[in-house]
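Engineer: no FASTA, just this:
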């Protein structure tokens, strides 16, 4: 009795605040929180998605050669990452490798995609949370201080005070906002030169590309790249100034969106000289990638072996609208090296959707709970991707394997050298491993990764042009579709880890499971009760917003969630204000009530 | 409990391949593609059928880079 009374009193001080769906992200994500306004802290958080896609259900029985074109439609902004990852998985299944020139072309296309997507998300969506109009509403005291704080990098970006930068972030009006739109158009053109069409590529296939490798294609790409490098240099300076100001002006802001350093990166940009897409040599070509794959726990590298990464993936249920598949027949009992493959591995997963009512004490999301089994401790780790760039830079820096003329890993940092542009000289940027995994550092890493992709693209262009000048025009490799085969593709979607697991039987797809970044980041509590990264990052975080419960905007929570670059393929804006749930409406699957 | 769905009126792989149409990935494709060589290089015949030999480089040491 006493316990119940205490619980009731405790609940009495908490205010339920919900955002469903969250805007300025892709797809349908709901964040349900309980906030203790007296102590200015988020006490409990659940992340939920009411969107069911079912790619793994309807891919069965299709021609495996179609997989890249179909899975591209998973996302309307990073579809090409899916095509590329599917191509990697199919190459493994068909026993072929992409010709070297075609591999450089795919790398160039993907580099353009990272530059496009990160710029668009950072400058046009994330910065709305940091712009003058927003800060005026949520933290007027902070804005007053920003008006008198000189920007340390004013010589590079030309904005005298921090408030001037915040004004440049204002949507539709600020000059950074508008210039970012122009830049994302240019980077999209660069992408189309290499992959034919944005965002669902028309010239990327298993076995190679359909891009005509004429010198003009590469010079068109290079001239556009040199046109945006000055924007990138200014963007890094702007970001550093604003984020450093937040740390300085709001002591304790590093706790916003902070969680344990549990990062996964599956590697990007294949090295054509090393990669042969054979599972047996996957550790070697994985380490040769120009973004190193790894799992990082508490700031330490656990592994950079793709085979270990692959075998450690476990898809758990616990709070998701699915029935368990443990009683189904496994597809792959052992990998090509003889290692046992778990029933909870994507190769053996069978998706059994079970629509039901949302219940935060039971099942509450269509997202499953992918975890990585730490072989040292036996823990199922809820890895996050840090929105993508944070894990990629962290992993590349720690692994100390990437060494190119323009990007160098040092063991504790990544040095990025950008060429001279029309206004600014050649610039060397350095991203250093920060002490925290929090909202600010995830956002800061994003702009540094734009620079990383730009610098790598210069290297890729040089390599590709070298091959073309030597008379190499081979961009496609013939192949036959085997009756029985398995394949795994590992890549980095813009917002983090991406894997495609494929099983072919009788020449058709028997099982296909794409695991993009958001199932990792947005996962609900698993069967062990471990919360997913969004829940973990928001739960227990302090609130810095000056507004009370009546006009609360939740900007700190939104900054924390958006720092992960959520992508749950859009919705209308609905804000259940004044700390009350106005009306509870829930349909787990649109149209499920019919028929 | 699964999702109740209607009876499919097409097979899942209906659009994948039409019998009799050559498949892009089939072996020895260079036989069907004028101007493409076995070793992966190409000549001007790849880009034009109008007196292509005149469009090839004038010296053998030069790379053959037919335009798109």
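Structural biologist: Structure received. Bear in mind the structure is a predicted one, so any value in this text is a computation, not a measurement.
Engineer: can you pull the contacts of the residue of chain B found nearest chain A?
Structural biologist: Chain B approaches chain A most closely through residue B:40 (2.6 Å), counting by CB to the nearest CB. Quick note: C-beta positions are derived from backbone N, CA and C, even for glycine. Contacts here follow CB atoms under 8 Å, 6 or more residues apart in numbering or on different chains; on that basis residue B:40 touches A:99, A:472-474.
Engineer: is it in a helix, a strand, or coil?
Structural biologist: The three-state label given to residue B:40 by DSSP: H, G, I helix; E, B strand; the rest coil is coil.
Engineer: quick check, pLDDT for it.
Structural biologist: What the model reports as pLDDT for residue B:40 is 78.
Engineer: residue A:6 now?
Structural biologist: For residue A:6, pLDDT reads 36.
Engineer: for residue A:209, see how far away the residue nearest the centre of chain B is.
Structural biologist: Nearest residue to the geometric centre of chain B (CA atoms, centre = their mean): residue B:24, 5.6 Å. Distance, residue B:24 to residue A:209, by CB to CB, to the nearest Å: 12 Å.
Engineer: same check, this time on residue A:50
Structural biologist: Taken as CB to CB, the span from residue A:50 to residue A:209 is 37 Å.
Engineer: higher neighbour count, the two?
Structural biologist: Applying other CB atoms under 10 Å in any protein chain shown to residue A:50 and residue A:209 shows that residue A:209 carries more neighbours, namely 25 against 22.
Engineer: residue contacts, the residue lying closest to that one once chain neighbours are set aside?
Structural biologist: Distances taken as CB to CB, 6 or more residues apart in numbering or on different chains put residue A:102 closest to residue A:209, at 4.4 Å, once the chain neighbours are dropped. Remark: with contacts taken as CB under 8 Å, 6+ apart, residue A:102 is in contact with A:208-209, A:211, A:474-476.
Engineer: assumed residue A:102 was part of a helix.
Structural biologist: Yes: counting by three-state DSSP, residue A:102 is found in a helix.
Engineer: got the residues of chain A near chain B?
Structural biologist: Contacts of chain A with chain B, taken as CB under 8 Å from any CB of the partner chain, map to A:58, A:60-63, A:65-66, A:99, A:205-207, A:212, A:214-217, A:323, A:352-355, A:468-474, A:476, A:478-481, A:508, A:589, A:592, A:595.
Engineer: so residue A:429 is in which element?
Structural biologist: Using DSSP states H and E, residue A:429 sits within strand A:427-432.
Engineer: re the thing from before, could the contacts of residue A:102 go into TSV alongside secondary structure and pLDDT?
Structural biologist: Shown next, in TSV, are those (DSSP: H, G, I helix; E, B strand; the rest coil; pLDDT from 0 to 100):
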residue	secondary structure	pLDDT
A:208	strand	95
A:209	strand	96
A:211	coil	93
A:474	coil	90
A:475	coil	92
A:476	strand	91
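Engineer: can you get me a residue count around the residue of the stretch 401-550 of chain A found nearest chain B?
Structural biologist: Closest approach between the stretch 401-550 of chain A and chain B, counting by CB to the nearest CB: residue A:474, at 2.6 Å. Residues lying near residue A:474 (other CB under 10 Å) number 19.
Engineer: does it touch residue B:38 like I think?
Structural biologist: No: Residue A:474 lies out of contact with residue B:38 (CB atoms under 8 Å); the separation is 10.1 Å.
Engineer: before we move on, the earlier item: which pLDDT value belongs to the residue nearest to the centre of chain B?
Structural biologist: At residue B:24, pLDDT is 83.
Engineer: mind checking the backbone torsions on it?
Structural biologist: In terms of degrees, to the nearest 10, the main-chain angles of residue B:24 are phi -60, psi -30.
Engineer: ramachandran angles for the nearest residue to residue A:277 once chain neighbours are set aside?
Structural biologist: Spatial nearest neighbour of residue A:277, excluding adjacent residues (CB to CB, 6+ apart): residue A:91 at 4.1 Å. For residue A:91, the backbone dihedrals are phi -60, psi -40 (criterion: degrees, to the nearest 10).
Engineer: for residue A:91, list the residues it contacts.
Structural biologist: A:97-98, A:206-207, A:277, A:487, A:489.
Engineer: distance of it relative to chain B?
Structural biologist: Using CB to the nearest CB, to the nearest Å, residue A:91 is found at 12 Å from chain B.
Engineer: remind me which residues of the stretch 401-550 of chain A are low pLDDT?
Structural biologist: The stretch 401-550 of chain A contains no residues with pLDDT under 70.
Engineer: thought residue A:443 was touching residue A:257, still the case?
Structural biologist: No: between residue A:257 and residue A:443 there is no contact under CB under 8 Å: 9.3 Å.
Engineer: any common contacting residues for these two?
Structural biologist: A:559, A:563.
Engineer: returning to that earlier point: which one among the contacts of residue A:102 gets closest to residue A:436?
Structural biologist: residue A:209 (40.3 Å; CB to CB).
Engineer: that closest one bridge partners, please.
Structural biologist: In this entry, residue A:209 is beta-bridged to residue A:204, by DSSP bridges.
Engineer: what number of residues lie near whatever residue of the stretch 101-250 of chain A ends up closest to chain B?
Structural biologist: With CB to the nearest CB as the measure, residue A:212 is the residue of the stretch 101-250 of chain A nearest to chain B, at 4.0 Å. With neighbours defined by other CB under 10 Å, the count for residue A:212 comes to 16.
Engineer: again, but for residue A:345
Structural biologist: There are 23 residues near residue A:345, going by other CB under 10 Å.
Engineer: show me what residue A:485 is bridged to.
Structural biologist: Residues in beta-bridge contact with residue A:485 (DSSP bridges): residue A:504.
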